[in-house]
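# generate a structure from the sequence data that follows.
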Amino acid sequence: MKHSYKTCGTCSRQIEIEVEDGVIKSVEFMGGCHGNLQGIGALVKGLKPEDVISRVEGIKCGNKPTSCPDQLAQALKEIV
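You can find the predicted model right below:
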């Protein structure tokens, strides 16, 4: 299942997520720090959404109340 999530409060604008059989197949961020966000996508591939949520939810970027990893957690919460 593919899912699009419009981010809020981050440099990235959108996250494209594909989950199949309860496992993350791919994550792609639009905008933001390209290298870091490619790294996040590679690190979460093959993991269960619940595991990623528990690891990255609540991470902040500087003085912002959220971050790209936190927005990924919010997107995954919509899926599970």
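# CA only for contacts and neighbour counts going forward, please
Noted.
# which SSE is the most centrally placed residue in the chain in?
With distances taken as C-alpha atoms, centre = their mean, Leu72 lies nearest the centre of the chain, 2.3 Å away. For Leu72, the element it lies in under DSSP states H and E is helix 68-79.
# for that helix, buried residues please.
68-76, 79 (16 or more other C-alpha atoms under 10 Å).
# stretch 8-28 now?
For stretch 8-28, using 16+ other C-alpha under 10 Å, the buried residues are 10, 12, 14-19, 24-28.
# endpoint to endpoint, that stretch covers what distance?
16 Å (C-alpha to C-alpha, to the nearest Å).
# average pLDDT for that stretch?
Throughout stretch 8-28, pLDDT has a mean value of 98.
# how much space between Pro65 and Gln71?
11 Å.
# partners of the helix or strand containing Ile24, with directions?
Assigned by DSSP H and E, Ile24 belongs to strand 23-31. Each strand paired with strand 23-31, and its direction, by DSSP bridges: strand 12-20 (antiparallel).
# which residues does the strand it pairs with contact?
By C-alpha atoms under 8 Å, 6 or more residues apart in numbering, the residues outside strand 12-20 that reach it are 1-7, 24-33, 68, 72, 75.
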